[in-house]
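[1] Structure of the sequence below:
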Amino acid sequence: MKFWTGVITEKLAESKSFYVNLFGCEVLFEENWFVLLQLGPSELGFLRPEMEGQHPLFQKANPGHGMWITVEVEDATAERERIKKLGQPIEQELRDEAWGDRHFVLKDPNGIGVDVVQRLG
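    Residues are numbered from 1 along each chain as shown. Predicted coordinates:
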């Protein structure tokens, strides 16, 4: 078994561009109604809202609240510098946490927080 997640959004192209350009995600599937990305063993999907045939639970677009996406990296400091050079705004600057993470936060095109995390041990 494994988890993968999806976001219901009108912003399929913007979402794809964000994750491909910033993190090098591979596009596994793309149509005008759905995009599936892969990063390592993880997959992230983006589904257009109000798609006929989808269960009602998968109809309404996510408002960008109440969820986050974590991208685990080897070196959060280097990733922060690389992403900053690409012109992507940083929502929370790099910091170390008492539980052993070094991380910074971005916001994706859907308003979802993206926590870029290095586990220090």
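[2] drop to CA atoms for contacts and neighbour counts, all remaining ones
    OK.
[3] Show me what the helix ranked longest in the chain packs onto, helices and strands only.
    Longest helix in the chain by number of residues, with DSSP state H as the criterion: helix 12-23. With contacts defined as 3 or more CA pairs under 8 Å, 6 or more residues apart in numbering; DSSP states H and E, the packing partners of helix 12-23 are strand 34-39, strand 42-47.
[4] And the residue most central in space within the chain, what's its pLDDT?
    In the chain, the residue lying closest to the centroid (CA atoms, centre = their mean) is residue 69, at 5.1 Å. Looking at residue 69, its pLDDT reads 96.
[5] try residue 121
    77.
[6] does it really touch residue 100, like I thought?
    Yes - counting by CA atoms under 8 Å, residue 121 touches residue 100, with 5.7 Å between them.
[7] between those two, which one's more packed in?
    residue 100 (11 against 6; other CA atoms under 10 Å).
[8] I figured the more buried one hits residue 117, correct?
    No - counting by CA under 8 Å, residue 100 stays clear of residue 117, with 10.0 Å between them.
[9] what are the ranges of the helices in this protein?
    Along the chain, counting by DSSP H, helices occupy 12-23, 76-85.
[10] Specify the angle between the first one and helix 76-85 in degrees.
    Translated: helix 12-23. 130 degrees (axes from the mean of the first three to the mean of the last three CA atoms, to 10 degrees).
[11] what's next to helix 12-23, contact-wise?
    25-27, 33-35, 37, 39, 46-48, 83, 86, 108-110 (CA atoms under 8 Å, 6 or more residues apart in numbering).
[12] Check stretch 94-111 too.
    Contacts of stretch 94-111 (CA under 8 Å, 6+ apart): 9, 11, 14-15, 18, 62-65, 76-77, 80, 88-93, 113-121.
[13] So which bits of that stretch are buried?
    Neighbour counts over stretch 94-111 (16 or more other CA atoms under 10 Å) mark 94, 101, 102, 103, 104, 105, 106, 107, 108, 109, 110 as buried.
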